[in-house]
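[1] After the sequence you'll find the predicted model.
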Amino acid sequence: MMKLEVPAWIKVGILLLLAGLYVFVEPLQFSIRRVVLILSMVDITAMKYYILSFGIWAPVVSFFLMVFQSVAAPLPAFVITFANAALFGWVKGALLSWSSAMCGAALCYGIARFYGRSVVERFTSKFALEEADRFFERYGKYAILIARLLPFVSFDVVSYAAGLTSIGFWEFFWATGLGQLPATLVYSYVGDILVGSVKTFVFGILSLISVSVLVVVIKKIISERNKQSAKV
């Protein structure tokens, strides 16, 4: 795995700067707490009106909210995706959600490369990383693609975990983009019509779609392994 050789004082300094901004800049602290509360409550309506309150800057704010959500694992991203679809239409909303999620994934990958496992465990958890390790070990080079297709696998933890492996950035980035696209499109398409218990129904549909795609990918893996075994 490629390691970024950066003096320890720079790494510590960046963390202290971010911690200082959070502690001493009260408007920033209030905004972060509010966003975390909305995401934790899975309140799509509240998220929609929160983003809308920024007027013409709403798309920009939404972009950074998605990036923040990625770093502050494990907060649910689909709340922002649904809100984007409701506010900007499903096509523009999908494009905004997909691009911002990609940026967030790249940032998580970079943080893992920059700080290493000990710091990443504080953003996620030791248990979550160990689970991700086993997932990567099991599926090898297909792990990123498969993880992105499964709605119950944490997007953020996988991004962090990938940065701790030997997987190259562009391999990680393209697999993330490809795997994330189907779910983003479907989430966005139904995002502006969801109400109440319909969310459960839609989640079931999305899970079914993801599992179907996953089956195809696994069949391909098994087929390739069988071919390799036959050669041996």
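    Looks like it arrived, so ask away. Numbering: from 1, shown residues only.

[2] What is the burial count for residue 148?
    Residue 148 sits with 26 neighbouring residues when counted by other CB atoms under 10 Å. (Glycine included, C-beta is placed from N, CA and C.)

[3] Ignoring the adjacent residues along the chain, who's closest to it?
    Nearest-residue entry for residue 148: residue 179, 2.6 Å, with adjacent residues in sequence omitted and distances by CB to CB, 6 or more residues apart in numbering.

[4] State the helix or strand in which residue 153 lies.
    For residue 153, there is no helix or strand it lies in under DSSP states H and E.

[5] Sort out which residues of the helix or strand containing residue 183 are buried, please.
    In the assignment (DSSP H and E), residue 183 maps to helix 169-191. Buried residues in helix 169-191, counted by 16 or more other CB atoms under 10 Å: 172-173, 175-177, 179-180, 183-188, 190-191.

[6] Pull the host helix or strand of residue 14 out as PDB, backbone CA atoms only.
    Using DSSP H and E, the element containing residue 14 is helix 8-24. Provided in PDB are the C-alpha atoms of helix 8-24 (Å, rounded to 0.1, in the frame of the first residue of the first chain):
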ATOM      1  CA  ALA A   8       3.300  14.000  12.400                       C
ATOM      2  CA  TRP A   9       2.900  17.700  13.500                       C
ATOM      3  CA  ILE A  10       1.100  18.500  10.300                       C
ATOM      4  CA  LYS A  11      -1.300  15.700  10.800                       C
ATOM      5  CA  VAL A  12      -1.900  16.600  14.400                       C
ATOM      6  CA  GLY A  13      -2.200  20.300  13.500                       C
ATOM      7  CA  ILE A  14      -5.000  19.600  10.900                       C
ATOM      8  CA  LEU A  15      -7.000  17.700  13.500                       C
ATOM      9  CA  LEU A  16      -6.500  20.400  16.100                       C
ATOM     10  CA  LEU A  17      -7.600  23.100  13.700                       C
ATOM     11  CA  LEU A  18     -10.800  21.200  12.800                       C
ATOM     12  CA  ALA A  19     -11.500  20.600  16.500                       C
ATOM     13  CA  GLY A  20     -10.900  24.200  17.300                       C
ATOM     14  CA  LEU A  21     -13.200  25.400  14.600                       C
ATOM     15  CA  TYR A  22     -15.900  23.100  16.000                       C
ATOM     16  CA  VAL A  23     -15.400  24.200  19.600                       C
ATOM     17  CA  PHE A  24     -15.000  27.900  19.200                       C
END
